[in-house]
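S.K.: have a look at this fold, sequence not included:
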């Protein structure tokens, strides 16, 4: 691909900019056309074969409608369902009222500084065009046509924006009860045998995973309609579409609602009941194509620039941000564009695309990884339970073989999850950067993932075991480094936590090879426990520490470790003794005070004629016993 020649600006003196054509009448195409008219352009044309006919029912959050309203300064209101067709219908009305020329036709090709278009009767004509903006979504009709004109030197490059583990998806329009409730993907209360049957029903249709497909149901308010969105297997046959949709619907059908597809629309023949599609989000570079006075200047916007992932529901918001970036590059005078700050636009768009792409990828990865870990945990539990409940040897054998396959994948997912979480918080000088730890990334979760992975059967996968052990060893060293850093900052509670975690890893998996580190960690923990006056823990740690230190090779290191441990142990004993002595002193003072009060009471009893002699004698004996304890306490104090 040739790189577009470096330009600071394009001016109307170099290339005419009177006639602007927007190809594609979706939300972004309509928005661009409306904004150009609001900025004062005379000649703005929008072409789309479906212009004015909007039936898509994908739902969006209220924020999307708010963003469009803000950008236009005109109301873009939503129905109760908040559908994309609501946005399109509102924008279409605004475009018409602002004076945008709207043509129901298709873009076919370039014709010098013009576009060849084709109407519904397949009649071809040419309209004037100095600037064309491709808003045809992932069809990218204009972009692909440019590349067709330059087969040896394509002017635009498409590259993946998001890598999806499964690109195949389905959308089905279904009927449901008004009381239908679609719960979250939770199956704790589903019988393990029933759960396995649900998994097997999907696998029979070509689903190669044990993990259930990502899916959700969006119910229309006040109607018995809903959209079912789901992942689907590759190579699903058309005659299997309905069966797949029903199998997915039944996964969460806790109310046992009947499954029924909507009938095909008579009014809108192109509105499909079931759509099966491959989702491969891509982005386009560079920002424009320009050949002076030979072709229209070509720009792109919306999904034609950068596709998102429909389950995130933020593609339109990102699209409006890029539209603003484009509009800011235009200088308009006397109802025409007189200059385009092309270099500024290219730079701004590149930076924006990077942010958007990183955001989408990060979210997709987080959602995907969280879902996979949760689903594999669930799978492991359900299949393990089903194995226990299986009544025949044959059933046990089948479930056992499937459980082994599940565990192999589960082990890998746990490992990958730990690496994914650990990578962004690694720091060379302190082990881990605590400032980056949050609700989604924490060291305890990383350790649990690795610990679960290494203990998960089957245990006969040496390559897997080695990489998990290496990750655990790296984590042990980093926790030790982090704890040392925290100790120097006098953050003793956190230091103790990470010394303990490091010790746990070393002593569980690496005791024989890393005895010196284990001995050092025991010593460090004893120091921290002594600081917190936890003498009992110090004495317990001392016994374990001496046991390890005695196995070190003979020499000064061994003697040094034994001396350090013995010192901390002796220190703990002396501090405990001192604490007990203080308790004795405290008790002695309290006993003297109570004895004095008891004697006062006895004197009052002796003087009272109503006192019973026998009862008084009992109290007198108890007082003498108390005096004896007081005397013993005083002697202990002297000792």
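M.R.: Ah, there it is. Since the structure is predicted, the reported quantities are computational estimates derived from the model, not experimental observations. Residues are numbered from 1 along each chain as shown.
S.K.: quickly find the element holding the most centrally placed residue in the chain.
M.R.: Centroid-nearest residue in the chain, with CA atoms, centre = their mean: residue 366, separated by 2.6 Å. Secondary structure from DSSP states H and E places residue 366 in helix 342-389.
S.K.: quick one: that helix to chain centroid distance?
M.R.: With CA atoms, centre = their mean, to the nearest Å as the basis, helix 342-389 stands 6 Å off its chain's centre.
S.K.: right, and the helix or strand after it?
M.R.: With DSSP H and E, the next secondary element past helix 342-389 is helix 393-422.
S.K.: so which elements touch that next one?
M.R.: helix 342-389, helix 443-455, helix 462-488 (3 or more CB pairs under 8 Å, 6 or more residues apart in numbering; DSSP states H and E). Quick note: C-beta positions are derived from backbone N, CA and C, even for glycine.
S.K.: least reliable of the ones you listed by average pLDDT, please.
M.R.: Mean pLDDT is lowest for helix 342-389 among the helices and strands packed on helix 393-422, at a mean of 85.
S.K.: okay, the angle between that one and helix 443-455?
M.R.: Orientation of helix 342-389 against helix 443-455 (axes from the mean of the first three to the mean of the last three CA atoms, to 10 degrees) gives an angle of 50 degrees.
S.K.: for helix 342-389, packing partners?
M.R.: For helix 342-389, the packing partners by 3+ CB pairs under 8 Å, 6+ apart are helix 192-203, strand 282-285, strand 288-289, helix 315-327, helix 393-422.
S.K.: chain center to stretch 106-118, what's the gap?
M.R.: Worked out by CA atoms, centre = their mean, stretch 106-118 lies 44 Å from the chain centre.
S.K.: swap in stretch 444-464?
M.R.: Worked out by CA atoms, centre = their mean, stretch 444-464 lies 22 Å from the chain centre.
S.K.: start to end distance for it?
M.R.: 21 Å (CA to CA, to the nearest Å).
S.K.: the helix holding residue 366 to helix 393-422, inter-axis angle?
M.R.: Using the same axes, to 10 degrees: helix 342-389 against helix 393-422 is 150 degrees.
S.K.: give me the angle between helix 342-389 and helix 315-327.
M.R.: Going by the same axes, to 10 degrees, helix 342-389 makes 170 degrees with helix 315-327.
S.K.: quick one, helix 342-389 and helix 192-203 angle?
M.R.: 130 degrees.
S.K.: report the contact partners of the closest residue to residue 467 other than its chain neighbours.
M.R.: Spatial nearest neighbour of residue 467, excluding adjacent residues (CB to CB, 6 or more residues apart in numbering): residue 415 at 6.7 Å. Applying CB atoms under 8 Å, 6 or more residues apart in numbering, we find residue 415 in contact with 449, 450, 453, 464, 467, 468, 471.
S.K.: can you add neighbour count and distance to residue 199 and give the residues you listed back as TSV?
M.R.: Shown next, in TSV, are the contacts of residue 415 (neighbours: other CB atoms under 10 Å; distance: CB to CB, whole Å):
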residue	neighbour count	distance to residue 199
449	23	23
450	24	27
453	24	22
464	18	24
467	16	28
468	26	26
471	19	30
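S.K.: closest one to residue 526 out of those, please.
M.R.: residue 450 (26.7 Å; CB to CB).
S.K.: just confirm the closest one contacts residue 411, I think it does.
M.R.: No - here residue 450 lies out of contact with residue 411, judged by CB atoms under 8 Å, at a distance of 10.4 Å.
S.K.: between the two, which contacts overlap?
M.R.: residue 468.
S.K.: where does the stretch 451-600 of the chain have low pLDDT?
M.R.: 458-463, 555-561, 564-565, 569, 571-595, 597-600 (pLDDT under 70).
S.K.: hang on, the earlier thing: which single one of the contacts of residue 415 is nearest to residue 306?
M.R.: residue 449 (32.4 Å).
S.K.: from the chain's centroid, how far away is stretch 117-132?
M.R.: For stretch 117-132 - counting by CA atoms, centre = their mean - the centre lies 45 Å from the chain centre.
S.K.: quick one: residues in contact with that stretch.
M.R.: 15-23, 43, 45, 47, 49, 103-108, 111, 113-116, 142, 296-299, 337.
S.K.: got the buried residues for it?
M.R.: Residues of stretch 117-132 classed as buried: 117, 118, 127, 128, 129, 130, 131, 132 (neighbour count, 16 or more other CB atoms under 10 Å).
S.K.: stretch 526-537 now?
M.R.: Under 16+ other CB under 10 Å, the buried positions of stretch 526-537 are 526, 527, 528, 529, 530, 534, 535, 537.
S.K.: what's the helix or strand for the fourth one?
M.R.: What that stands for is residue 529. helix 515-531.
S.K.: the last one now?
M.R.: Element membership of residue 537 [criterion: DSSP H and E] is helix 535-549.
S.K.: which elements pack onto that helix?
M.R.: helix 515-531, helix 556-607.
S.K.: let's see 10 Å
M.R.: helix 492-509, helix 515-531, helix 556-607 (3 or more CB pairs under 10 Å, 6 or more residues apart in numbering; DSSP states H and E).
S.K.: what's the angle from that helix to helix 515-531?
M.R.: 170 degrees.
S.K.: would you mind listing the buried residues in helix 535-549?
M.R.: Under 16+ other CB under 10 Å, the buried positions of helix 535-549 are 535, 537, 538, 539, 541, 542, 544, 545, 546, 548, 549.
S.K.: mind giving me the packing neighbours of the helix holding residue 529?
M.R.: helix 462-488, helix 492-509, helix 535-549, helix 556-607.
S.K.: quick one: buried residues of stretch 430-443?
M.R.: Buried-residue list, stretch 430-443, by 16+ other CB under 10 Å: 431, 432, 434, 437, 441, 443.
S.K.: residue boundaries of the strands in the stretch 201-350 of the chain?
M.R.: Per DSSP state E, counting those that start in this stretch, the stretch 201-350 of the chain carries strands over the ranges 215-219, 225-231, 260-261, 274-278, 282-285, 288-289, 297-300, 330-333, 336-340.
S.K.: point out the most buried one among those.
M.R.: The highest average neighbour count among those, using mean count of other CB atoms under 10 Å, belongs to strand 297-300 at a mean of 26.
S.K.: for that one, what is the average pLDDT?
M.R.: For strand 297-300, the per-residue pLDDT averages 97.
S.K.: which elements pack onto that strand?
M.R.: Looks like strand 297-300 contacts strand 19-23, strand 131-134, helix 141-149, strand 288-289, helix 315-327, strand 336-340, helix 342-389 (3+ CB pairs under 10 Å, 6+ apart).
S.K.: partner strands of that strand, with direction?
M.R.: Within its sheet, and counting by DSSP bridges, strand 297-300 is paired with strand 131-134 (parallel), strand 288-289 (antiparallel).
S.K.: what does residue 174 show for phi and psi?
M.R.: When quoted as degrees, to the nearest 10, the phi and psi of residue 174 stand at phi -120, psi 160.
S.K.: next, the contact list for it, please.
M.R.: 180, 217, 219, 224-228, 245-246, 249, 257, 259-262, 273-274 (CB atoms under 10 Å, 6 or more residues apart in numbering).
S.K.: and it, how far is that from residue 457?
M.R.: 40 Å (CB to CB, to the nearest Å).
S.K.: what's the closest of the helices and strands packed on strand 297-300 to residue 304?
M.R.: strand 131-134 (4.7 Å).
S.K.: and that closest one, how far out from the chain's middle?
M.R.: On CA atoms, centre = their mean, the centre of strand 131-134 falls 36 Å from that of its chain.
S.K.: equivalent analysis for stretch 412-429, please.
M.R.: 14 Å.
S.K.: what comes up buried for it?
M.R.: 412, 413, 414, 415, 417, 418, 419, 421, 422, 425.
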